[in-house]
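**Student:** sequence and predicted structure are below.
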Amino acid sequence: MDKIKWCAEKKGGLSLIELNSDLAEAYIKKAEEALESMRVNIIKDWKISTAYYTLYFSLYSILTKMGIKCKIHSCTIEFAKIFLKDYFNEEELDFTEDSLKARIDSQYYIDRTVPDEQYNEMIMKAPEFLVKCKSILIKLNEKKINEIRSKFQTKLNKNG
């Protein structure tokens, strides 16, 4: 089954809501707070979690501005891979997906470790990703938002 359709059918999955620039700004603030927490924390597991949440909240702010709601992190990333190709390259979204896995491994499993290389990359790229998402929020106009919402709705209807 198509992942977007699956995500739309799940409770808390992808759905259209009213556009909300205020909520988008609130998620950017959460991303900034996560980044600050990452910078001051000294424990690796918490640095991984806060680095990931910097990425996630930054990305989710864009969805929120477009009136897309989703509580399933992997579905948020999948939405970006399909509908935000004009703004992100595949490597950036694969990195976000890998960071989600790293956060899950470090937060929920005692016997799993995140390689130092990946950890260092998360710490380095989190601030850059936040800046990029802020830039996208500025560029995202009503025409583009409506186009993306329409493509999302068409994909749901086509797969229905």
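**Tutor:** Looks like it arrived, so ask away.
**Student:** quick check: Lys71 touching Gly12?
**Tutor:** Yes. Contact criterion Cβ atoms under 8 Å: Lys71 and Gly12 qualify, at 3.5 Å. C-beta here means a position set from N, CA and C on the backbone, and glycine is covered the same way.
**Student:** from the contact counts, what lies against the helix or strand Ser106 falls within?
**Tutor:** Using DSSP states H and E, Ser106 sits in helix 90-108. Of the remaining helices and strands, those touching helix 90-108 by 3 or more Cβ pairs under 8 Å, 6 or more residues apart in numbering; DSSP states H and E are helix 44-65, helix 73-83, helix 116-139.
**Student:** mean neighbour count added to the ones you listed, as a markdown table?
**Tutor:** Output for these, formatted as a markdown table (neighbours: other Cβ atoms under 10 Å):
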| stretch | mean neighbour count |
| --- | --- |
| helix 44-65 | 23 |
| helix 73-83 | 20 |
| helix 116-139 | 16 |
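**Student:** tabulate these in a markdown table, adding columns for mean pLDDT.
**Tutor:** Shown next, in a markdown table, are these (pLDDT from 0 to 100):
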| stretch | mean pLDDT |
| --- | --- |
| helix 44-65 | 95 |
| helix 73-83 | 95 |
| helix 116-139 | 94 |
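**Student:** so how far is Lys132 from the residue of the chain positioned farthest from its centre?
**Tutor:** Taking Cα atoms, centre = their mean, the residue of the chain most remote from its mean C-alpha position is Asp111, at 26.2 Å. To Lys132, Asp111 is 34 Å away according to Cβ to Cβ, to the nearest Å.
**Student:** again, but for Arg39
**Tutor:** From Arg39 to Lys132 the distance is 18 Å (Cβ to Cβ).
**Student:** on that earlier part again, looking at the helices and strands packed on helix 90-108, which is nearest to Gln107?
**Tutor:** Closest of the helices and strands packed on helix 90-108 to Gln107 is helix 44-65, at 5.7 Å (criterion: Cβ to Cβ).
**Student:** touching the following helix or strand past the closest one from outside, list them.
**Tutor:** Counting by DSSP H and E, the element after helix 44-65 in chain order, helix or strand, is strand 68-69. By Cβ atoms under 8 Å, 6 or more residues apart in numbering, the surrounding residues in contact with strand 68-69 are 14-17, 63, 79, 149, 152.
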